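**Q** What follows is a predicted protein model with its sequence.
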Amino acid sequence: MSSLSTADLLGRLVGFDSVSRNSNLPIADFIADYLDRPGVRIDRVFSADHSKTNLVIVAGPAGSEARRDGLVLSGHMDVVPADEAEWESDPFQMARRDDRCFGRGVADMKGFLALAMNRMAAVAPARLRHPLALVFTYDEEVGTMGARRFAESGSRPETLPRRTVIGEPTTLKVARMHKGHIKLRFTFRGRAAHSGYPHLGHNAIEPAGRAIVALAELRAELERERPELGHFFEPVPFVTLNVAQVAGGAAVNVIPERCVLDVGLRLLPGMAREPVLDRIRRRVESALEAEPFEFEMVNESPPMLVDGTADIFKACCAEVDQSGEHTIAYTTDGGWFQHAGLECVVFGPGSIELAHRPNESIGLEELEQGGAIVDRLVTRFCQ
């Protein structure tokens with residue numbers, strides 16, 4: 001397939017409705033076809049049901065565990081839904097106005113996918129001294145599912161280059177750390193009965209209510225604490241605990257037999273997970289006394305932290321003349337990649353403030369600037 005301009009390629013990517021509820025195989029097939037040529041190795045890491053896939057695309061000499069020079073450019077292929085009525089154009093047909101591109105995913109993060117793909121398309125594999133790799137994932141938006149699959153699948157991440165740029169929209173600022181996000185679930189079980197005969201039933205919502213009060217008290221305690229790296233995360237330098245969803249009951253005249261609380265927990269880098277989970281569990285146990293409940297971790301996106309002396313961090317900071325720390329409040333695939341032995345920074349064009357909203361957009365100038373920076377990183381670490 002002949003190469004397109006980065007803007008035209010972005011338009012093609014936006015045309016794929018890769019919302020996380022859909023299979024991402026069509027967009028993955030397009031990316032693989034676009035980059036397939038002699039000297040480029042393309043591997044797929046499928047989800048358990050084979051409805052989705054990660055892509056691992058490598059050019060240049062094969063890596064080894066002993067020597068992992070080179071560069072990884074990474075992004076996710078999925079996007080959030082575009083169901084809002086405020087869209088001024090078809091979210092899956094990219095529009096250009098006033099030197100900006102509009103469409104679902106242009107900032108988060110198909111803009112970076114396009115510039116990374118064109119950097120891969122432009123290199124001569126035989127002339128690379130160290131490998132250039134693309135790792136594109138599925139289902140980042142619903143809990144970094146693809147990154148976890150990649151890290152745990154035995155898909156040879158140990159032979160990829162260590163240096164990794166995750167191209168989330170940071171307005172070309174460089175972040176070496178972010179918080180994690182854990183989804184927790186409490187399930188309370190009662191016994192259904194007619195509300196006119198309450199002695200025949202057991203209300204599952206009432207203990208859930210006591211748990212909510214206990215969790216709110218714990219949330220306030222956590223907000224007063226300052227973990228070791230908290231000062232990097234102003235104005236939220238603490239662990240956040242959010243009672244996010246409550247579901248229970250069938251009708252006003254029925255004693256509810258089940259109630260579910262979904263809770264979000266954001267830990268800082270370097271924090272051990274289990275002590276905090278145990279603290280949450282014990283706080284609810286204390287509030288409920290002998291009332292039984294189920295407690296489970298539904299999903300985890302780990303925190304990310306790379307050392308401030310890492311050469312990928314220093315190189316990216318030098319490119320944008322950044323001397324201070326920039327942290328981000330959302331999670332990325334970097335937490336799982338870190339578990340796979342990659343050294344990650346988060347760095348890309350576009351603004352997260354325009355993502356996940358109607359009329360998402362990215363400036364062509366910033367996209368071109370990001371591409372030029374990535375060109376220099378490829379030259380430095382691969383050529």
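**A** It's in. Numbers count the residues shown, from 1 in each chain.
**Q** And stretch 79-97, end to end?
**A** Taking C-alpha to C-alpha, to the nearest Å, stretch 79-97 runs 22 Å from one end to the other.
**Q** my bad, should have said stretch 18-27
**A** By C-alpha to C-alpha, the extent of stretch 18-27 from end to end equals 7 Å.
**Q** One more: stretch 55-70?
**A** 18 Å.
**Q** roughly how far apart are the residue most central in space within the chain and Gly348?
**A** The chain has Thr332 as the residue nearest its centroid, 3.2 Å off, counting by C-alpha atoms, centre = their mean. Note on Thr332: its distance to Gly348, by C-beta to C-beta, to the nearest Å, is 10 Å. Where C-beta positions appear, they are placed from N, C-alpha and C, glycine not excepted.
**Q** Name the residues contacting each of the two.
**A** With contacts taken as C-beta atoms under 8 Å, 6 or more residues apart in numbering, Thr332 and Gly348 have Ile166, Glu168 as neighbours in common.
**Q** hey, where'd the helices end up in the stretch 201-350 of the chain?
**A** 205-224, 273-288, 311-320, 334-339 (DSSP state H, counting those that start in this stretch).
**Q** and Ala121, which of these is closest to it?
**A** helix 311-320 (21.5 Å; C-beta to C-beta).
**Q** Now do stretch 139-149: distance to the chain's middle.
**A** Mean C-alpha position of stretch 139-149 versus that of the full chain (C-alpha atoms, centre = their mean, to the nearest Å) differs by 6 Å.
**Q** tell me the mean pLDDT over it?
**A** Average pLDDT, stretch 139-149: 96.
**Q** For that stretch, could you pull out the residues that count as buried?
**A** Buried residues in stretch 139-149, counting neighbours by 16 or more other C-beta atoms under 10 Å, are found at Asp139, Glu140, Glu141, Gly143, Thr144, Met145, Gly146, Ala147, Arg148, Arg149.
**Q** I figured the second one was touching Gly146, is that so?
**A** Yes. The pair formed by Glu140 and Gly146 meets the contact definition of C-beta atoms under 8 Å, at 6.4 Å.
**Q** so what sits against both of the two?
**A** With C-beta under 8 Å, 6+ apart, Glu140 and Gly146 have common neighbours His76, Asp78, Asp333.
**Q** Contact partners for the residue lying closest to Pro302 once chain neighbours are set aside?
**A** Nearest residue to Pro302, sequence neighbours excluded (C-beta to C-beta, 6 or more residues apart in numbering): Gly335, at 3.3 Å. Applying C-beta under 8 Å, 6+ apart, one finds that Gly335 lies in contact with Thr144, Ala147, His178, Gly180, Ser301, Pro302, Pro303, Met304.
**Q** could you redo the last one with a cut-off of 10 Å?
**A** Gly335 is in contact with 144, 147-148, 151, 178-181, 269, 300-305, 344, counting by C-beta atoms under 10 Å, 6 or more residues apart in numbering.
**Q** what do you get for Leu172?
**A** 316, 319-320, 322, 347-351, 366, 369-370, 373.
**Q** Check Pro303 too.
**A** Pro303 sits next to 177-181, 229, 266-271, 273, 331, 334-335, 338 when contact means C-beta under 10 Å, 6+ apart.
**Q** Would you list the buried entries among the residues you listed?
**A** 177-181, 229, 266-269, 271, 331, 334-335, 338.
**Q** Which parts of the stretch 251-383 of the chain are strands?
**A** In the stretch 251-383 of the chain, strands defined by DSSP state E, counting those that start in this stretch lie at 254-255, 258-266, 294-301, 304-305, 343-346, 361-363, listed in chain order.
**Q** right, so those: which one is the most enclosed?
**A** Compared across the strands of the stretch 251-383 of the chain, strand 343-346 shows the largest average neighbour count, a mean of 26 (mean count of other C-beta atoms under 10 Å).
**Q** And that one, what does it pack against?
**A** strand 71-76, strand 163-166, strand 177-178, strand 304-305, helix 311-320, helix 334-339 (3 or more C-beta pairs under 10 Å, 6 or more residues apart in numbering; DSSP states H and E).
**Q** how distant is stretch 332-350 from the center of its chain?
**A** With C-alpha atoms, centre = their mean, you get 9 Å for stretch 332-350.
**Q** residue contacts, Leu200?
**A** Counting by C-beta under 10 Å, 6+ apart, Leu200 touches Arg191, Ala192, Ala193, His194, Ile255.
**Q** scratch that, Ala315 is what I was asking about
**A** Shown in contact with Ala315 (C-beta under 10 Å, 6+ apart): Leu71, Arg163, Val165, Val174, Val345, Ile373, Arg376, Leu377, Arg380, Phe381.
**Q** returning to what we had before: list just the nearest of the buried ones among the contacts of Pro303 to Ala32.
**A** The closest of those, once distances to Ala32 are taken by C-beta to C-beta, is Gly334, at 23.5 Å.
**Q** Would you agree the closest one is in contact with Ile166?
**A** Yes. Using C-beta atoms under 10 Å, Gly334 is in contact with Ile166, at 5.2 Å.
**Q** can you list residues touching both of those two?
**A** Joint contacts of Gly334 and Ile166 (C-beta under 10 Å, 6+ apart) are Ser74, Ala147, Ala175, His178, Met304, Leu342, Cys344, Val345, Val346.
**Q** Roughly how far does the closest residue to the fifth one other than its chain neighbours sit from Ala318?
**A** So the one you mean is Met304. Spatial nearest neighbour of Met304, excluding adjacent residues (C-beta to C-beta, 6+ apart): Gly334 at 3.8 Å. As judged by C-beta to C-beta, Gly334 and Ala318 stand 20 Å apart.
**Q** Equivalent analysis for Pro125, please.
**A** From Pro125 to Ala318 the distance is 27 Å (C-beta to C-beta).
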